[in-house]
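**Q** need a 3D model of the sequence below.
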Amino acid sequence: MIEVLVALFIVAITLISGIKASSTLVQSAERQRSTLLSQLCVDNYLVALRLSKQLPGTGEQMSACEQASQTITLKVQVNTTPNPSFRRVDIQAFERDVPILSVSTVMGLL
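**A** Residues are numbered from 1 along each chain as shown. Down below sits the predicted model:
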């Protein structure tokens, strides 16, 4: 009888470990999806800035981006640089007020 209980305990521990491992994999996949969608939003925003062929105005603004039925909020901060022909652009991507991604770049006139 004790041997059966020990065997059931070992099986239960193994099943609990498997459930925790699969839960971790699901969370990792969700985080990777959010990062990918945020990167797409940031890339689209930067491409739109480059295609405008103008230096972006300095200041801070918020922008919403819809990707795969998910809304990503972008917080864009544009600052001047020592060279007046360039601007520093910092973009943070948020999903439900949780920061997902941060990207910084320098843009200049073409």
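
**Q** next SSE after the helix or strand harbouring Val47?
**A** Assigning secondary structure by DSSP states H and E places Val47 in helix 2-51. Where DSSP H and E defines the elements, the next helix or strand beyond helix 2-51 is strand 59-67.

**Q** just want the angle from that following strand to helix 2-51.
**A** 120 degrees (axes from the mean of the first three to the mean of the last three Cα atoms, to 10 degrees).

**Q** buried ones in the very next helix or strand once past strand 59-67?
**A** Using DSSP H and E, the helix or strand that directly follows strand 59-67 along the chain is strand 70-80. Residues of strand 70-80 classed as buried: Ile72, Thr73, Leu74, Val76, Val78 (neighbour count, 16 or more other Cβ atoms under 10 Å). (C-beta placed from N, C-alpha, C; glycine too.)

**Q** quick check, the last one in contact with Phe86.
**A** No: using Cβ atoms under 8 Å, Val78 and Phe86 do not qualify as a contacting pair, with a distance of 10.9 Å.

**Q** lowest-pLDDT helix or strand in the protein?
**A** helix 2-51 (a mean of 91; mean pLDDT, DSSP states H and E).

**Q** distance from that one to the middle of the chain?
**A** 15 Å (Cα atoms, centre = their mean, to the nearest Å).

**Q** again, but for stretch 48-66
**A** That offset, for stretch 48-66, works out to 18 Å (Cα atoms, centre = their mean).

**Q** now the end-to-end length of it.
**A** 15 Å (Cα to Cα, to the nearest Å).

**Q** buried set for it?
**A** Neighbour counts over stretch 48-66 (16+ other Cβ under 10 Å) mark Leu49, Leu55, Pro56, Cys65 as buried.

**Q** for Ser104, which non-adjacent residue is closest in space?
**A** Counting by Cβ to Cβ, 6 or more residues apart in numbering, Ser104 lies nearest to Asp90, which is 4.8 Å off, once chain neighbours are set aside.
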